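Q: can't give you the sequence, but here's the structure:
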């Protein structure tokens, strides 16, 4: 191998090695900061939803109810639904966690999280969402929200994580997706009937609280 090409290969190997240390460092920081969090609920939803949207108000209300009952709230740390959930928890002096991801656009930390962690790697951040949650609350969102929804359901379905309730809030938004899952996935036997029990659909903040409390035996 020519000397110049050998140096390029060595530089790439060194870069990859340092990247592994960066990944490990993000895991360590996340575990250290969240170790004593206690029971918590991870919220997902669009960063593009504005304060005048009814779903923003719903996220504030749900998070506030959870905080009043001793649950921490974990979000992606950005705007929209994430901001609303952190705001609801902070307003009731609950633990409010923001797991911010470094992105070239859209994502900027909201001011309502009192525990803030910044990630460069989506997959490390996803581990933190799952590891410290006793439930997922998912409000309307786009590709990122759908990604979190289906990853959580898949991990539960395959017994890779503890069974936790995945709560879809907003029947008007989610009903079409649930109909498609029943008509296509279930009818074609691509999932088992019991797999649907993972997902709860509601418009009632009180029902969200009840489902979460039942999940941990409260």
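A: Sure, I can see it. No experiment lies behind these values; they were computed from the predicted model shown.
Q: quick check: buried residues in stretch 165-181?
A: Residues 165-170, 173-174, 181 are the ones in stretch 165-181 that count as buried (16 or more other Cβ atoms under 10 Å). Using the backbone N, CA and C atoms, a C-beta is placed for each residue, glycine as well.
Q: number of nearby residues for residue 47?
A: When counting by other Cβ atoms under 10 Å, one arrives at 22 neighbours for residue 47.
Q: what segments of the chain are helices?
A: Counting by DSSP state H, residue ranges of the helices within the chain are 3-34, 54-68, 81-91, 122-131, 143-157, 171-180, 205-215.
Q: between all of the buried residues of stretch 165-181, which two are separated the most?
A: Across the buried residues of stretch 165-181, the longest distance by Cβ to Cβ is 18.0 Å; it joins 165 and 173.
Q: any low-confidence regions in the protein?
A: Where the chain drops to pLDDT under 70, the residues are 1-14, 105-107.
Q: one more time with 90
A: Within the chain, the ranges that satisfy pLDDT under 90 run 1-20, 101-109, 162, 216-218.
Q: just say which of the helices of the chain is most tucked in.
A: By mean neighbour count, with neighbours taken as mean count of other Cβ atoms under 10 Å, helix 81-91 ranks first of the helices of the chain at a mean of 28.
Q: could you check the angle helix 205-215 makes with that helix?
A: 80 degrees (axes from the mean of the first three to the mean of the last three Cα atoms, to 10 degrees).
Q: list the helices and strands helix 81-91 packs on?
A: For helix 81-91, the packing partners by 3 or more Cβ pairs under 8 Å, 6 or more residues apart in numbering; DSSP states H and E come out as strand 40-44, helix 54-68, strand 72-75, strand 96-101.
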